[in-house]
Structure formats: structure tokens, C-alpha cells
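Undergrad: 3D model of this:
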Amino acid sequence: MKVKDVMSADAIKYCTPETKLKTATSFMKQENRGALPVLDHDKKLVGIITDRDICLSLASKNAKPHSEMNISEILSKSKVRTVKPEGDISSALQQMRKNKVGRLPVTDAQGHLKGMITVNTLLSRALTKKQELGKLSAKDENLAKTIKALYDRNNEKKN
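TA: This is a model prediction of the structure:
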């Protein structure tokens, strides 16, 4: 199975380095998202901002109020990990494990955002649609269901 077959591509929300942190956090709360891709003026991916990045930046002793802080002030300087739409799901999972991330932006050859792929999406497909993402033993399936439940906990609050 290819990344393009499971990625979220509908109206991908994003921010820019100039976006105020308050605006980004408001959007993340409204849309129940844990991350936002960060695009430059040419719509090329320059990073990803996560709820963890935001929490750690606000916990800093020198933090400005979030209404005054731009995304660029907390955006990680490390290379953002991406996958291509034509990439294989098993490679995306391997990259998530290797880099210890739960989501990957999907970009084209020019670096333009095409979608997002998340552990939650992959677990949903494996558990509810029985799509093949690799062989799961009973033990693995139990772990997968537990992780899926953790990712879904915020969705239950909205319903």
C-alpha cells in the first residue's frame, strides 16, 4: 500500500513562520489537531509545529506571552522528516519508528505539502478496515488497539 492511499489530503491546514502562536493554538484546539505543518511564502514545507513544541516553549522561563510569539520562535531547527505520496506504508512506519514521530508530512519532489500521514490513521485502517500494514500477532493487535485508544481519547470529548 502506498502513502497516497492513506494520507489525509483534504484541506490540509497549515501555518507560516509569521503566524502568532495564539492563532496556531486556537486552530489546533478547534480542529482537534496535535500538529500543524509550517509553510513558507512559496507554500514549501519548512517544519512542523506540535502541541509538545508549544508546551515546552511556554514552560520556558524566558517565554513571551503566546499572543506575542511567532511560530518561527519555537520552530525546531532540526530537519523535518517527510515522505513522498508514492512511498510505501512500511517505509513510512519505519521512518516514524526511527525518528520517534507519530506523524509525517507528505511532500512532492519540490517540497510542497500534499498531505499528512499519522500513526492514528494507520492504526484506524489496520484495525477497522483490516487493511494490511504488516502481520500482527494477538499481542501486537492488543498493543495497536491500546495506542489507537490513546490517540482517540480527545475525539470522544467532542462527541
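
Undergrad: so who does residue 53 touch?
TA: By CB atoms under 8 Å, 6 or more residues apart in numbering, the contact list for residue 53 reads 74, 75, 76. (Glycine included, C-beta is placed from N, CA and C.)

Undergrad: ok, now residue 110?
TA: Residue 110 is in contact with residue 44, counting by CB under 8 Å, 6+ apart.

Undergrad: repeat that for residue 73.
TA: Shown in contact with residue 73 (CB under 8 Å, 6+ apart): 21, 57, 64.

Undergrad: before we move on, which element is the closest residue in space to residue 47 that isn't next to it in sequence in?
TA: With CB to CB, 6 or more residues apart in numbering as the criterion, residue 47 has its nearest non-adjacent residue at 4.2 Å, and that residue is residue 38. Under the criterion of DSSP states H and E, residue 38 resides in strand 35-39.

Undergrad: alpha carbons of that strand, in CSV - could you do that?
TA: Output of strand 35-39 as CSV, limited to C-alpha atoms (Å, rounded to 0.1, in the frame of the first residue of the first chain):
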residue,chain,number,x,y,z
ALA,A,35,0.4,19.4,14.9
LEU,A,36,0.4,21.9,12.1
PRO,A,37,2.7,21.9,9.1
VAL,A,38,4.6,25.2,8.7
LEU,A,39,4.9,26.5,5.1
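
Undergrad: which residues does that strand contact?
TA: 12-17, 19, 24, 27-28, 45-51, 71, 75, 103, 105, 113, 116.
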